[in-house]
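In: Everything below, folded, please.
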Amino acid sequence: MKKIFLIIFLISILIFIAHYKVVGKAVYGDGVYYYSYVRSAVIDKNLDFANELKFFGREERISKTGLTANKFSIGSAILWLPFFLLAHIIARGDGYGDIYQIIVGSGCVVYGSLGLYFCFKLGEKLFDKKTSLLATIFIWLGTNLFFYISVDVINSHASSFFIASLLAYLLIKNMIDKKDDYWLSGLLTGILAMIRLQDIIFGVSILSEKISGKKVWLKKVWYLLFIVIAFIPQLIVWKILYGEIKSPYLTSGEQFNWLKPQIISVLFSGNNGLFYYSPILIFSLIGLWQLREKKSFIGLIGLLLFLIQLYLVSCWYMWWQGASYGGRMFISLMPFFIIGLANFIKTSNRQYRKFIYGLFGLLVIINMGSIINFLLAN
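Out: This is a model prediction of the structure:
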């Protein structure tokens with residue numbers, strides 16, 4: 001099975017490099033701000049992003065501390081650091097060149113491919129190898145996950161998918177093996193929140209779990225403590241850049257309309273609607289709903305995380321998620337979508353399996369065509 005995921009990695013690398021060859025860069029969009037962290041820290045040895053934003057042609061905004069503002073989180077940059085350092089050892093350049101972008105981008109593909117592998121492994125623990133592999137590949141090829149781990153890789157999504165996959169795998173492994181690795185779950189949750197702040201909602205999965213044994217409250221306090229420990233680097237950066245340890249998303253005028261969520265638009269709009277771009281996820285949700293009775297905690301947690309994320313995105317003034325291919329803010333939920341799709345496949349009537357595989361194959365083809373059309377238009 002490892003060979004299959006090596007092939008997936010090689011396919012993604014080839015697509016990434018081909019896209020880089022065509023457009024001439026891998027750092028663009030929101031990726032500029034994530035990349036600026038690692039470039040500034042290593043090359044300039046500071047957190048002043050004025051030169052990075054000037055190089056990439058972005059408007060500079062000054063915070064009250066006198067430094068250039070950067071509201072984006074640092075988690076992705078921390079995960080990219082080993083690859084950036086490798087590039088710097090090779091190139092000894094200014095941090096902007098081809099070697100840097102290609103190696104960091106390749107690192108993102110590594111994280112995305114590893115995320116898929118851990119999704120397969122967690123699915124294997126619940127079902128069987130064939131079902132788990134099929135569900136993993138259908139979600140990879142049939143959703144915007146393919147785009148964010150093969151094309152637009154220098155962004156936060158490959159990193160968040162990788163850590164979310166690790167966390168989901170650990171959660172299910174602990175449930176099956178009856179282990180108490182809550183310190184590690186806490187660290188992963190904190191790192192996930194440091195990549196994309198709204199993914200702190202993954203804490204629901206642990207806090208709502210029925211933990212066995214004595215001193216249950218102490219285990220959950222232990223879990224929360226390690227979330228805070230992992231998140232400390234982000235608090236330090238906020239303090240340096242803004243003079244306070246509050247999220248700049250909350251202090252810089254980002255608007256949330258909590259009473260009028262745009263749920264239908266987030267799901268079905270042609271403007272990056274989740275199901276509009278990735279209709280295969282509807283079957284994943286059906287599978288999670290079916291799973292609620294068989295393995296209630298896993299199915300219910302997957303559905304709960306989806307509903308919370310849906311509400312948060314729907315309330316944001318930019319519910320279409322900016323310059324996006326599909327509902328990118330749901331990427332971290334892909335491990336649960338894979339579980340749901342695996343359960344849908346496993347519980348389906350055998351005589352309809354070929355039809356189901358044919359339908360999913362068609363959705364994959366449609367998604368590939370949609371990605372090509374998106375790239376040609378942009």
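In: Can you get me a residue count around S265?
Out: Applying other C-beta atoms under 10 Å, we find 17 residues neighbouring S265. Just so you know, the C-beta spots here come from the backbone N, C-alpha and C atoms, and that holds for glycine as well.
In: How is L188 assigned, secondary-structure-wise?
Out: Secondary structure, DSSP: H, G, I helix; E, B strand; the rest coil: L188 is helix.
In: need the contact list for it.
Out: Contacts for L188 (C-beta atoms under 8 Å, 6 or more residues apart in numbering) come out as I163, L166, L167, L170, A230.
In: got it, and F283?
Out: G340, L341, F344, F360.
In: Where is pLDDT lowest across the contacts of L188?
Out: Within these, the minimum per-residue pLDDT falls on L170 (89).
In: Would you confirm that L114 contacts A164?
Out: No - counting by C-beta atoms under 8 Å, L114 stays clear of A164, with 11.7 Å between them.
In: helices or strands next to the lengthiest helix in the chain in the packing?
Out: Ranked by residue count under DSSP state H, the longest helix found in the chain is helix 98-126. The helices and strands touching helix 98-126, judged by 3 or more C-beta pairs under 8 Å, 6 or more residues apart in numbering; DSSP states H and E, are helix 2-23, helix 31-39, helix 75-91, helix 129-142, helix 145-150, helix 157-177, helix 334-347.
In: The fifth one: how far from the chain's middle?
Out: If I follow you right, that is helix 145-150. From the chain centre to the centre of helix 145-150 is a distance of 10 Å (C-alpha atoms, centre = their mean, to the nearest Å).
In: which residues sit against that helix?
Out: Here helix 145-150 has contacts from 11-12, 15-16, 108-109, 111-113, 115-116, 139-140, 155, 157-158, 161, 325-326, 328, 331, 334, 367-368, 371, 374, using C-beta under 8 Å, 6+ apart.
In: Quick check: the gap between N378 and V151.
Out: According to C-beta to C-beta, to the nearest Å, N378 stands 11 Å off from V151.
In: Between these two, tell me which one has more neighbours.
Out: Neighbour comparison, N378 and V151: the larger count goes to V151, with 22 against 8 (by other C-beta under 10 Å).
In: Over to the more buried one: give its phi and psi.
Out: According to degrees, to the nearest 10, the main-chain angles of V151 amount to phi -120, psi -70.
In: Please tell me I have it right and it contacts Y20.
Out: No - taking contacts as C-beta under 8 Å, V151 lies outside contact range of Y20: 9.6 Å.
In: that older thread, separate out the buried members of the contacts of helix 145-150.
Out: 11-12, 15-16, 108-109, 111-113, 115-116, 139-140, 155, 157-158, 161, 325-326, 328, 331, 334, 367, 371, 374 (16 or more other C-beta atoms under 10 Å).
In: Mind listing residues that contact stretch 290-303?
Out: Outside stretch 290-303, the residues that reach it (C-beta under 8 Å, 6+ apart) are 126, 172, 175, 204-205, 208-210, 285, 288-289, 333, 336-337, 339-340, 343-344, 347.
In: gap between the two ends of that stretch?
Out: This stretch, stretch 290-303, spans 11 Å end to end (C-alpha to C-alpha, to the nearest Å).
In: Go through that stretch and flag the buried ones.
Out: By 16+ other C-beta under 10 Å, the buried positions in stretch 290-303 come out as Q290, L291, R292, F297, I298, G299, L300, I301, G302, L303.
In: Return the subset of the residues you listed lying in helices.
Out: Going by DSSP H, the helices hold Q290, L291, R292, F297, I298, G299, L300, I301, G302, L303 from the buried residues of stretch 290-303.
In: now, among these, which is nearest to W80?
Out: Of all these, G302 has the smallest distance to W80: 28.5 Å, by C-beta to C-beta.
In: From W222, how far out is the closest one?
Out: Distance, G302 to W222, by C-beta to C-beta: 24 Å.
In: returning to that earlier point: who has more neighbours out of L114 and A164?
Out: Between L114 and A164, A164 has the larger neighbour count (other C-beta under 10 Å), namely 27 against 18.
In: Surely the more buried one is in contact with I338?
Out: No - here A164 does not reach I338: they are 10.9 Å apart, not a contact under C-beta under 8 Å.
In: and Y242, how many neighbours?
Out: By other C-beta under 10 Å, 20 other residues sit near Y242.
In: And it, how far from I43?
Out: As for Y242, its distance to I43 is 23 Å (criterion: C-beta to C-beta).
In: Likewise for K173?
Out: For K173, the distance to I43 - C-beta to C-beta - is 39 Å.
In: Ok, K246 next?
Out: Relative to I43, K246 is positioned 28 Å away (C-beta to C-beta).
In: Having no further points to raise, I will conclude here.
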